[in-house]
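Asker: need coordinates for the following:
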Amino acid sequence: MSDAMSEAARYRARQAAGETESSDADAKAPMVLNAQNKAEFVETAIQIAIRQGQFDNLPGAGKPLEGLGTHHDPDWWIRRKIESENLSGLGPPALMLRTEDRALDGELDQLGREDDVRTVVEDFNRRVIEARRQLSGGPPVVTKTRDVDAEIDAWRARRASDPARGHEAAGAAEGAEKPRTGWLRRRSQSRRP
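Answerer: Residues are numbered from 1 along each chain as shown. Next up, the predicted model:
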């Protein structure tokens, strides 16, 4: 047996016995390990840890890995970090625009005026174009710009199909057409002598 192999065998024996002290002969022996000895050392350390139960009751033991095998996403790690930390407004523009694109219809449905919808969609398109022009690296921007007129038509259709929103829109339109002058009349009547 070579010196390095005998040294590794003595080390493993000491570790298995729980000894921490080394003899003078062991201290003087050169610690030259080749790749095979390193692999043996690592394997021995793993086996000892298993016997001691250091790998028992680890978090996630016996559970499948999340998202394994569903589809290939090269940005999985940053997406998982953003979700686990509940971060918002952070990340490469490509990822942020993708998530914003998914939620844009819901955001548009919250708006009450056509001008507001137009402003939001135009701002979204501007940011998509800016992100495509950036040469700072990161994932590619695959988010498409949206047709402003088509989005406004879809917004109108969603509002018309939702009866609650349709009544709100009709009430808002009627309220805009009829000026509320009742408070002016009451105010002017109260000031008369």
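Asker: all helices of the chain, in order?
Answerer: Shown for the chain, the helices assigned by DSSP state H span residues 3-17, 24-28, 35-52, 76-85, 93-109, 114-133, 148-161, 163-177, 182-190.
Asker: got those helices as TSV, with mean pLDDT and mean neighbour count columns?
Answerer: Just so you know, the C-beta spots here come from the backbone N, C-alpha and C atoms, and that holds for glycine as well. TSV is the format used below for the helices of the chain (pLDDT from 0 to 100; neighbours: other CB atoms under 10 Å):
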stretch	mean pLDDT	mean neighbour count
helix 3-17	75	14
helix 24-28	51	9
helix 35-52	87	12
helix 76-85	78	12
helix 93-109	85	15
helix 114-133	90	15
helix 148-161	90	14
helix 163-177	51	10
helix 182-190	47	9
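Asker: Gly60 is nearest to which of those?
Answerer: Nearest of the helices of the chain to Gly60, taken as CB to CB: helix 76-85 at 13.2 Å.
Asker: distance to Val142 for the helices of the chain - can I get that in JSON lines?
Answerer: JSON lines is the format used below for the helices of the chain (distance: least, CB to CB, whole Å):
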{"stretch": "helix 3-17", "distance to Val142": "52"}
{"stretch": "helix 24-28", "distance to Val142": "60"}
{"stretch": "helix 35-52", "distance to Val142": "42"}
{"stretch": "helix 76-85", "distance to Val142": "14"}
{"stretch": "helix 93-109", "distance to Val142": "7"}
{"stretch": "helix 114-133", "distance to Val142": "10"}
{"stretch": "helix 148-161", "distance to Val142": "19"}
{"stretch": "helix 163-177", "distance to Val142": "32"}
{"stretch": "helix 182-190", "distance to Val142": "54"}
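Asker: fine, thanks again, bye for now.
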